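Novice: For reference, the sequence and a predicted model appear below.
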Amino acid sequence: MQLAVAFAVLAALAPIDAAETVLGAYIFHRHGDRSPKSLPPTNLTTLGYEQSYTSGQYYRSRYLRGSSKIRGINEDQVKLSQLSITAPVDNVLQNSATGFLQGLYPPVGQSVQTLANGRGVQAPMDGYQLIPVNTISTGAGSEDVGWLQDVSSCTNAKLSSNSYFTSEEYRHLKSNTKAFYSSLVPVVKDTLDEADVNYKNAYIIFDLINVATIHNSSIPSSDVLTNETLTQARTLANAHEFGLAYNNSDVARAMSGKQLAGEILEYMNSTITAGTAGSSANKLSIQFGAYATFLSFFGLVGLPKAHIDFTGVPDYASSMAFELFTDANVESGFPSTDDVQVRFLFHNGTASNSSQPSVYPLFGGSANTMSFTDFSAKLGEFAISTTEAWCRECGNTDGACAAYASTKDNNHAPLQQDRDSNGMSAAVGGVIGAFVTLAVVLSGLFVVMMLGGFRIVSKRALGAKPICDAENIEEKA
Ligand SMILES: *[C@@H]1O[C@H](CO)[C@@H](O)[C@H](O)[C@H]1NC(C)=O
Ligand SMILES: *[C@@H]1O[C@H](CO)[C@@H](O)[C@H](O)[C@H]1NC(C)=O
Ligand SMILES: *[C@@H]1O[C@H](CO)[C@@H](O)[C@H](O)[C@H]1NC(C)=O
Ligand SMILES: *[C@@H]1O[C@H](CO)[C@@H](O)[C@H](O)[C@H]1NC(C)=O
Ligand SMILES: *[C@@H]1O[C@H](CO)[C@@H](O)[C@H](O)[C@H]1NC(C)=O
Ligand SMILES: *[C@@H]1O[C@H](CO)[C@@H](O)[C@H](O)[C@H]1NC(C)=O
Ligand SMILES: *[C@@H]1O[C@H](CO)[C@@H](O)[C@H](O)[C@H]1NC(C)=O
């Protein structure tokens, strides 16, 4: 009797319906622990490597084996056409991706390949599996800069984020937190100028302190850093970053989230198209990116309505996953698109067997799953998936956008550009100016950018092919 009850409880808890088949997944992942942004170039620490690796192990047990294994995916020996791995040109994100992949597809052990001449060749490093991390240009160098839109070339997104600094909310917080930030000066004065220790640099300050509390056992004036103070610094940084990443009444700000939406839809489309055609390609995509993209995406899909935490910066090695699954019978082949459903999962910090991602409802609803058709329609309302759409929404007209600049369509486009003519630009220009100054203050950050020669262009704007270069490369190779 008790056993039966226990069994019933277990069954109710089981996340995956026995009849369910997972068809594919898209994961967006933050990097692991890193050195502070205020001391560029940043790098992935040993702790960060371990976090990424652990997360890779978790997703291995979720998607490569067990009851929610992706149908038809290789379990042990990687097959590159089934995967798409992307990260911007950024040391921290690229290395996080590599660490994750080591956990996802561990070495397969010694195996000897015999050549035509009879010579046997052994794989190095116990059969370590080589998985390319394709680069995307959105977010290049993002971990080296303090301000999210620094890595975007989207004019309207920059203008919109900058206008946060002239908002009522910002002014209010800045003046009300003066005393709080003054109390932090002794802690950060070795790195930051006293004049820069205020709400304007809320994230940089939080980041510096957060890294120090993880790595430095001798922080100056550490008695200031009570739990309350740390929470306050984090809460203010969250408000600051969410303010820069998303504004309900000015969605131009959420450009990075819109691009991610386009990438997710594109990949899911390729999963369904390949599955329907009986191909084993395009099953799992993992993109590494910055917290700012999480935040603008959270805003766009209404996650703050599901939980207020979604207005806060996700911890290191956080991940969100979009699962494509079906309850239909798949014995006879891939289900029809009408039978495909989507589930959203998120985990704040490193996912592992003992701390697993949870399911959250999207778009302010209460259902934990939705049909692919609905998901695709809802995301499609704001997803950016062509160069032309990107150029139009960003109001960019040069470079790769020049081709679209003269089309009639452009007339409805640059909402934000109108600001230039109504006197907004001076204030905004001032804020941009202030940021450049700060960048110089921060240990030659600006110099790094110049020397590094980061050419920051939209991923859309780069190629002749508009979307998801990575998947296409896999197909060609
Ligand atoms: C990582 O960054 C820290 C702090 O900036 C620096 O001391 C260390 O040498 C860097 N490590 C590598 C491998 O670059
Ligand atoms: C959000 O956008 C509206 C409309 O542009 C603006 O009035 C408001 O100040 C913005 N709020 C923030 C916090 O940026
Ligand atoms: C810890 O902080 C102190 C004071 O800022 C600094 O001198 C020291 O180098 C730091 N140690 C580490 C390991 O970062
Ligand atoms: C501060 O927080 C840590 C971890 O959350 C906890 O272990 C510790 O007891 C707290 N200290 C105080 C003084 O509340
Ligand atoms: C995938 O995209 C193609 C081209 O835009 C479209 O015709 C097709 O209906 C899409 N498939 C799904 C399942 O959304
Ligand atoms: C993640 O956790 C941090 C606290 O560690 C919190 O401030 C933040 O809001 C959380 N973010 C999300 C998206 O859950
Ligand atoms: C996690 O759990 C799965 C299933 O129970 C198991 O196969 C796997 O080895 C576990 N992973 C780790 C890293 O413990």
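Specialist: That came in fine, so what should we check first? Ligands and ions are numbered 1, 2, ... in the order given.
Novice: what's the neighbour count on the nearest residue to residue 60 once chain neighbours are set aside?
Specialist: Spatial nearest neighbour of residue 60, chain neighbours left out: residue 104 (5.0 Å); criterion: CB to CB, 6 or more residues apart in numbering. Where you see a C-beta, it was placed from the backbone N, CA and C, and this is true even at glycine. Look at residue 104: counted by other CB atoms under 10 Å, it has 25 neighbours.
Novice: Could you verify my assumption that residue 104 touches residue 64?
Specialist: Yes. With the criterion set as CB atoms under 8 Å, residue 104 and residue 64 qualify as a contacting pair; they are 7.1 Å apart.
Novice: which parts of the stretch 301-450 of the chain sit against ligand 1?
Specialist: Residues of the stretch 301-450 of the chain lying near ligand 1 by CB under 6 Å from any ligand atom: none.
Novice: for the stretch 301-450 of the chain, what spans make up the strands?
Specialist: Using DSSP state E, counting those that start in this stretch, the strands found in the stretch 301-450 of the chain span residues 319-326, 340-347, 358-359, 369-371.
Novice: Tell me which of these sits nearest to residue 184.
Specialist: Judged by CB to CB, the one of those that comes nearest to residue 184 is strand 340-347, at 29.9 Å.
Novice: Packing partners of the closest one?
Specialist: Strand 340-347 sits against strand 319-326, strand 358-359, strand 369-371, helix 372-380, with contacts defined as 3 or more CB pairs under 8 Å, 6 or more residues apart in numbering; DSSP states H and E.
Novice: between the ones you listed, which one is nearest to ligand 7?
Specialist: Each of the helices and strands packed on strand 340-347 was checked against ligand 7 via CB to the nearest ligand atom, and the shortest separation belongs to strand 319-326, namely 15.4 Å.
Novice: Partner strands of that closest one, with direction?
Specialist: If you go by DSSP bridges, strand 319-326 pairs up with strand 21-29 (antiparallel), strand 340-347 (antiparallel).
Novice: re earlier: rebuild the helices and strands packed on strand 340-347 as JSON lines, extending it with mean neighbour count, distance to residue 53 and mean pLDDT.
Specialist: Below are the helices and strands packed on strand 340-347 laid out as JSON lines (neighbours: other CB atoms under 10 Å; distance: least, CB to CB, whole Å; pLDDT from 0 to 100):
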{"stretch": "strand 319-326", "mean neighbour count": "23", "distance to residue 53": "13", "mean pLDDT": "98"}
{"stretch": "strand 358-359", "mean neighbour count": "14", "distance to residue 53": "22", "mean pLDDT": "97"}
{"stretch": "strand 369-371", "mean neighbour count": "17", "distance to residue 53": "30", "mean pLDDT": "97"}
{"stretch": "helix 372-380", "mean neighbour count": "18", "distance to residue 53": "31", "mean pLDDT": "97"}
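Novice: Redo the ones you listed as a markdown table? Include distance to residue 189.
Specialist: What follows is the helices and strands packed on strand 340-347, written out as a markdown table (distance: least, CB to CB, whole Å):
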| stretch | distance to residue 189 |
| --- | --- |
| strand 319-326 | 36 |
| strand 358-359 | 40 |
| strand 369-371 | 50 |
| helix 372-380 | 46 |
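Novice: Now do the same contact list for whichever residue of the stretch 251-400 of the chain sits closest to ligand 6.
Specialist: Per CB to the nearest ligand atom, the residue of the stretch 251-400 of the chain with the smallest distance to ligand 6 is residue 312, at 1.9 Å. If you count contacts by CB atoms under 8 Å, 6 or more residues apart in numbering, residue 312 has them with 234-235, 238, 242.
Novice: Check residue 305 too.
Specialist: Applying CB under 8 Å, 6+ apart, we find residue 305 in contact with residue 364.
Novice: Could you rerun that using 10 Å?
Specialist: If a contact means CB atoms under 10 Å, 6 or more residues apart in numbering, then residue 305 has 360-366 as its contacts.
Novice: out of these, who's nearest ligand 2?
Specialist: Sorting the contacts of residue 305 by how near they are to ligand 2, with CB to the nearest ligand atom, puts residue 364 at the top with 18.8 Å.
Novice: That closest one: neighbour count?
Specialist: Residue neighbour count, defined by other CB under 10 Å, stands at 11 for residue 364.
Novice: start the count at 377, not 1, going forward
Specialist: That works, and once the first residue is 377, the last one we named lands at residue 740.
Novice: Do I have it right that it meets residue 683?
Specialist: No. In this structure, residue 740 is not within contact of residue 683 by CB atoms under 10 Å, at 11.7 Å.
Novice: For the stretch 477-626 of the chain, which residues are neighbours of ligand 2?
Specialist: By the rule CB under 6 Å from any ligand atom, the part of the stretch 477-626 of the chain lying against ligand 2 is 540, 543-545, 619, 623, 625-626.
Novice: Which among these count as buried?
Specialist: When burial is judged by neighbour count using 16 or more other CB atoms under 10 Å, the buried members of those are 540, 619, 623, 626.
Novice: Next, give me the two most distant ones among those.
Specialist: When CB to CB is used, the two most widely separated members of those are 619 and 626, lying 11.0 Å apart.
Novice: Can you work out which residues contact both of the two?
Specialist: Where contact means CB under 10 Å, 6+ apart, the residues bridging residue 619 and residue 626 through contact with each are 537, 540, 543.
Novice: Including distance to residue 652 and secondary structure, could these go into CSV?
Specialist: Output for these, formatted as CSV (distance: CB to CB, whole Å; DSSP: H, G, I helix; E, B strand; the rest coil):
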residue, distance to residue 652, secondary structure
537, 40, helix
540, 44, helix
543, 47, coil
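Novice: Looking at the residues you listed, which one is closest to ligand 1?
Specialist: Minimum separation from ligand 1 among those (CB to the nearest ligand atom) is found for residue 537, which lies at 26.6 Å.
Novice: picking that back up, could you provide the strands of the stretch 677-826 of the chain in a markdown table, with additional columns for distance to residue 455?
Specialist: Converted to a markdown table, the strands of the stretch 677-826 of the chain look like this (distance: least, CB to CB, whole Å):
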| stretch | distance to residue 455 |
| --- | --- |
| strand 695-702 | 18 |
| strand 716-723 | 22 |
| strand 734-735 | 28 |
| strand 745-747 | 28 |
